[in-house]
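# Based on what follows, work out the 3D shape:
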Amino acid sequence: MTFLEKNLILGLFFFSFPLLLTGQNENAGDSLVTIQGQLKSYENGTPIAYAHILNNGLNIGTISDSLGFFTIVMRRSDSLYISALGIKERYFSLPDFWPSNYFSKTIFVRHKIYMIEPVTVEGFGNYAQFRQKVISSIPPKSQREKSLEYIQEIAAAEAMKYAKVHVGFSFSIKTKEEKSLIKLQKMLEYQRKLEIINEKFNEENVGELTGLQGQELKDFMIYCHLSEEFLLNASEYDILFLVKNSYREYEK
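Got it, this is the predicted structure:
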């Protein structure tokens, strides 16, 4: 083999070697990495619950649980967008040349400080003026609150009928009184169910998750059409996850 032929083969090898490396890096960059993280406050280390973690590159997202944990997949070229009420929005990217398809880390976020307009403190005037200002500042009760008050009034009235019954003495209950006690028990059980449902599925949580307000928020909660049995037995995470999926369909 001549000296010219050796140099020609050597030159072709060095020319093709970068192309092979580039192809390998592109294949590695297309593979998905599973991210298992926990969001915590930078200031005090407390978990950040129900934050939104979005991967716009793959058009997917998830929500952190009550302890700040979440799981999502991303490509090495993607970045995660993290946001929640009360924290500063931030982006998260994988370290350069991360070799594994699994990544676990605690991600710290900073609290957001909200600036409000200055206010002027004035006198309340006489008692009548003060009372009127307080009454006008109280928002009107919702239909659900009115229903709960009505149930409580009936329950209190039914309970008063038996307030003089002494514990430890035998007595016979008339048929009418038996029906009243059964009615009272059902109303109290129904009220307890409403309170459990309201803790998991309410306008405050859904509005924070979707950004909806007012009548549009109420219409969307009706649109979700979540059964009473599901709301009673499902966890807050499962409910909010289903609400998020319903919101995507609602937007369409």
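
# And the helices in the stretch 101-250 of the chain?
Ranges of helices within the stretch 101-250 of the chain are 127-137, 143-160, 175-200, 203-210, 214-224, 228-233, 236-251, based on DSSP state H, counting those that start in this stretch.

# what stretches of the stretch 151-252 of the chain score poorly on pLDDT?
Using pLDDT under 70 as the threshold, the predicted model of the stretch 151-252 of the chain has low-confidence ranges 151-152, 154-178.

# Next one, pLDDT for the most centrally placed residue in the chain please.
The C-alpha lying nearest the average C-alpha coordinate of the chain belongs to residue 50 (CA atoms, centre = their mean; 3.9 Å). Among the per-residue scores, residue 50 shows a pLDDT of 94.

# Now do it against residue 179, distance only.
44 Å (CB to CB, to the nearest Å). No exception for glycine: its C-beta is placed from N, CA and C like everyone else's.

# ok so, going back, so the residue nearest to the centre of the chain sits in a strand?
No - Residue 50: not assigned to a strand; according to DSSP: H, G, I helix; E, B strand; the rest coil it is coil.

# Need phi/psi at it.
As for residue 50, its main-chain torsions (degrees, to the nearest 10) stand at phi 60, psi 40.

# domain assignment for the chain?
The domain map for the chain lists 11-109, 140-251, with the assignment taken from automatic domain parsing.

# Hmm, residue 77 is touching residue 57, no?
Yes - using CB atoms under 8 Å, residue 77 is in contact with residue 57, at 7.1 Å.

# what sits in contact with each of these two?
When CB atoms under 8 Å, 6 or more residues apart in numbering defines a contact, no residue borders residue 77 and residue 57 alike.

# Name the next helix or strand following the helix or strand where residue 40 lies along the chain.
Assignment of secondary structure by DSSP states H and E places residue 40 within strand 32-41. Using DSSP H and E, the helix or strand that follows strand 32-41 towards the C-terminus is strand 52-55.

# which outside residues touch that following strand?
Applying CB under 8 Å, 6+ apart, the set of residues contacting strand 52-55 from outside is 60-64, 70, 72-74, 78-84, 209.

# let's go with 6 Å and repeat that
Taking CB atoms under 6 Å, 6 or more residues apart in numbering as the criterion, the residues outside strand 52-55 that touch it are 61-62, 70, 72, 74, 78, 80-83.

# quick one: the residue nearest to the centre of the chain and residue 221, what's the gap?
Going from residue 50 to residue 221 by CB to CB gives 17 Å.

# Same check on residue 78?
Spatial separation of residue 78 from residue 221 under the definition CB to CB is 32 Å.

# what's the distance between residue 66 and residue 50?
Per CB to CB, residue 66 is found 8 Å from residue 50.
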